[in-house]
Each structure stands twice: as C-alpha cells, then as structure tokens.
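S.K.: Predicted model and sequence follow; I will ask about them next.
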Amino acid sequence: MSYIQIDLSDQHYLLLSSLYGRDLGGIPYFKWKHYSDPQVIFLKNKKKAIIYQERNRDLGIFVAK
C-alpha cells in the first residue's frame, strides 16, 4: 500500500466520480474548475492528486492545492 502524489489530470475525473457515486458535472466542467478557473490560474503550484494505491490499483483519491 502506498500514497502517490501526482499532478491532477483528466484521467482522475472517472476515479473521482466513481468514488463520489455521482456525475461531477462532466469532463468539460472538471477541466474548467481545475485548470481554467480564474481563482486557480494564479496559483503557483498545480493541483495535486494524492492517490492511495494497493497492488497498482487506485483505491482512493483526494485533490490538494
């Protein structure tokens, strides 16, 4: 078991939506919120996905600034 910190990307949308158990507004909204939102653009660091993995399988994820 391990925790991995990587830059947030579009591929994480499916994992996040399955963990929440609902649609999160679609991939276009996800891209806008995490890449194009004016409040996010001025951040020096990209948002990070911190993923809990066991046997190369993603079991959990959270997004951090």
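M.R.: Sure, I can see it.
S.K.: Could you verify my assumption that F62 touches I50?
M.R.: Yes. The pair formed by F62 and I50 meets the contact definition of CB atoms under 8 Å, at 5.5 Å. Yep, even glycine has a C-beta here, placed from its N, CA and C like the rest.
S.K.: out of the two, which sits in the busier spot?
M.R.: The residue with more neighbours, out of F62 and I50, is I50; 14 against 11, by other CB atoms under 10 Å.
S.K.: Now do the strand or helix carrying that one: everything it contacts.
M.R.: Assessed by DSSP states H and E, I50 sits inside strand 48-54. With contacts defined as CB atoms under 8 Å, 6 or more residues apart in numbering, strand 48-54 is touched by 1-9, 12, 15, 58-65.
S.K.: Partner strands of it, with direction?
M.R.: Within its sheet, and counting by DSSP bridges, strand 48-54 is paired with strand 2-7 (antiparallel), strand 57-64 (antiparallel).
S.K.: For the next helix or strand after the shortest one, name the packing helices and strands.
M.R.: Right, strand 2-7. Toward the C-terminal end, the helix or strand that comes next after strand 2-7 (DSSP H and E) is helix 12-20. Counting contacts by 3 or more CB pairs under 8 Å, 6 or more residues apart in numbering; DSSP states H and E, helix 12-20 packs against helix 26-31, strand 57-64.
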